[in-house]
Every structure is written in structure tokens, then in C-alpha cells.
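1. Here is my input, please return the structure:
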Amino acid sequence: MKKRTASIIILFLTVSIHLFGQPNKESIKNGMSFIVNKFNKHDLVAIGETHDKREVTDFYISLISNSEFRKKVDFIVIEMGNHLYQNTLDNYISGEEIDKKDLYKLWRDHTSCMLNGSDNTSMIRLLKAIRDINKTSEYRIKVIAADPNIDWKKIKCVENFYKFLGQRDEYYAEVVRKYIVAKEKKGLLIMGNSHFNFQRTKYMLENNLNNPITSIIGSSKTKLFLLNIMSSSSFPYDKLNGIEKGSIILTSDSWLGELKISSPFIKNKTLESQTNGIIFLGKKNDLTSEMTTDFNDAQYIKELERRNNLSKCN
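-> Now for the predicted structure:
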């Protein structure tokens, strides 16, 4: 009996350590230097983000402020920008004077514009930081807007709109292939957490669809390293006490890699099968929303109402 009791205790302690332990120190990396160094052997580093959080934008600005990052990376590819206005984006980050209304078309005329009640503060801050850096840096940052090139003036009924909306993931992947993969360049990819995953959802599998990550790695030999900013309510944040914000924790760590958590991840898959690592910027409820100002453009508000009330095509 004593041997059996001892075995049970050892088993309990082993399971407890596995379930309730913390990541190994070897799996915790400084986020900035880790990403910069990843470009030594990888063509693409992708970051699945949580939108409109100040800490996230600050992380990107710190990253682009690193001169070694600018030396190594040719492009940053963003989700929240209509590719139709790529020339406007190019001119703005190159230092040209651009009317705000023209610049703001990048996100005001995005396929998901109806979800927004104010201008994209995250985008405004990031693009301004890139513009300012490009004025003095020897190595200029280039930004590619990767949302489908929808022209809202030509959208007269809801089916016209759905054609563009349904192309978002594949369009993003195609932009990456065109500007980076085909030219053997290096790129930082930024898109929402739910879009960046090594696994496909059940719906994608049933309908033979890909997300941008599975599309890119499935069509080339490009080396891609995937990171996701942790923003899940079900994540055991208390196990990260003492870990510096801005750290990256690799999913090769068994404690993290074997976790199965809900949105933005696929809850019946391990984290290790879905991403290479997480970026820890703080607990979900502690992340700060960007300051916003409601739209004050009567003409644009009227146009948003038109888009929201599109009828079916005849």
C-alpha cells in the first residue's frame, strides 16, 4: 500500500507541475531582439494581433524604431488598408503632404469599414511613426496595404460587396506573394489573430479554404515564423507573473505548447500546432484601448449609412 500511495503522490505532483507550472526560462525571449534576429534565417515574421490596443501599436513602433530591424526588413504588410490606395500610402510614408481625407480612405474604404465608429487611431499612430522615421533613416520602411481593392463608388448592392469581403484572406496572401515572396524580400506581416494560424478551422477544411498563413506556406518554400499576441480570456495569465511585457514565449515550451484555449485559437488544437510563440503584452483585460474620436464628417457618415443599407442585387 505504501508503494502505491507513494506512486499516486508522485503522479499527482508530476501532473500538478505540468498543469500549473510556468514556462521554462529558455522559452522566454526578449520580443524586440528575437524578432529582429528571426529575419536572419526567415523571410517572413507574421504577427497575429488584437486590434486597436495601445500596447500593440507601441510594440510595433518600438520594433520599427530599431535600426537593425529596418536594415533587414523590406516590407510591412498591414490588414487594415485598402490596396486601391497604395499610391497614397506610398506617398504619405515617403514624406509627401497628403490631405487627411485622402489618407483616411485607406481604412474608411476598407472592406470592414462598417465595423468602425471612428478613424483607425492605431493606423494613424503607426503610419505617422513610419513617416517620421523615413525622413531621417538610411533604411526606409515600406508598407503594403493588403485589404482587397474595393471601390465603394461601384458597390451598388450587397452581393457586389460580398465578393470583396470573401477575398480578404486570399487577397492578403496574394499581396505577400507578389511583393515579398516572388522578389525574395523580407517582410513583417500584421493581421488579426483569427486570420493567422497554422491550422485551418473546420469551416475552412470543409470548404477547401485557407487563411493567409496556410496559403503562403502551402504555395512556396518561404520560411515563415508565426507569433500571436495573447488576448484570450481563457489563458492562464497568472502563470506569467513576473514575465516582462513585450516578451515572447515559444510554444516549443511544453507548458504553453500543450495548452488548448478558446478564441482567437481553435480550442480543440494545441497552441504548438497553431503558432510558434506568443507575444505577452499584458492580460487581456489590462490592455488599453486606443483613444478614439467619433466621425465628424457628415458626408462620410451618410456614405456609411448607404453601405449599411445595401439591398440585394436584382
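
2. Residue 266 contacts residue 197, doesn't it?
-> Yes - the pair residue 266 / residue 197 is scored as a contact, 6.9 Å apart, by CB atoms under 8 Å. Quick note: C-beta positions are derived from backbone N, CA and C, even for glycine.

3. who's more crowded, those two?
-> A direct count of neighbours by other CB atoms under 10 Å for residue 266 and residue 197 places residue 197 higher, at 24 against 20.

4. what's the distance between the more buried one and residue 73?
-> Residue 197 is 22 Å from residue 73, where distance means CB to CB, to the nearest Å.

5. How about residue 181?
-> 14 Å.

6. Repeat that for residue 150.
-> Using CB to CB, one gets 28 Å for the distance from residue 150 to residue 73.

7. Can you list the buried residues in whatever helix or strand residue 78 lives in?
-> Element membership for residue 78 (DSSP states H and E) is strand 75-82. By neighbour count on 16 or more other CB atoms under 10 Å, the buried set for strand 75-82 is 75, 76, 77, 78, 79, 80, 81, 82.

8. And stretch 298-313, by the same measure?
-> For stretch 298-313, a neighbour-count test (16+ other CB under 10 Å) marks 300, 303, 304, 310 as buried.

9. What ranges does the stretch 201-314 of the chain have for its helices?
-> In the stretch 201-314 of the chain, the helices defined using DSSP state H, counting those that start in this stretch lie at 202-206, 212-218, 254-257, 271-274, 298-308.

10. Make JSON lines from those and add mean pLDDT and distance to residue 286 to it.
-> Formatted as JSON lines, the helices of the stretch 201-314 of the chain follow (pLDDT from 0 to 100; distance: least, CB to CB, whole Å):
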{"stretch": "helix 202-206", "mean pLDDT": "95", "distance to residue 286": "32"}
{"stretch": "helix 212-218", "mean pLDDT": "95", "distance to residue 286": "27"}
{"stretch": "helix 254-257", "mean pLDDT": "91", "distance to residue 286": "19"}
{"stretch": "helix 271-274", "mean pLDDT": "97", "distance to residue 286": "21"}
{"stretch": "helix 298-308", "mean pLDDT": "94", "distance to residue 286": "32"}
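
11. Which of the ones you listed sits closest to residue 123?
-> Among those, the nearest to residue 123 by CB to CB is helix 298-308 (16.0 Å).

12. now the closest one: how far from the chain's centre is it?
-> The gap between where helix 298-308 is centred and where its chain is centred comes out at 28 Å by CA atoms, centre = their mean, to the nearest Å.

13. Can you tell me what sits against that helix?
-> The contact list for helix 298-308 (CB atoms under 8 Å, 6 or more residues apart in numbering) reads 108, 113, 114, 152, 155, 161, 295.

14. Including pLDDT and secondary structure, could these go into JSON lines?
-> Shown next, in JSON lines, are the contacts of helix 298-308 (pLDDT from 0 to 100; DSSP: H, G, I helix; E, B strand; the rest coil):
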{"residue": "108", "pLDDT": "95", "secondary structure": "helix"}
{"residue": "113", "pLDDT": "90", "secondary structure": "helix"}
{"residue": "114", "pLDDT": "85", "secondary structure": "helix"}
{"residue": "152", "pLDDT": "96", "secondary structure": "helix"}
{"residue": "155", "pLDDT": "96", "secondary structure": "coil"}
{"residue": "161", "pLDDT": "95", "secondary structure": "helix"}
{"residue": "295", "pLDDT": "87", "secondary structure": "coil"}
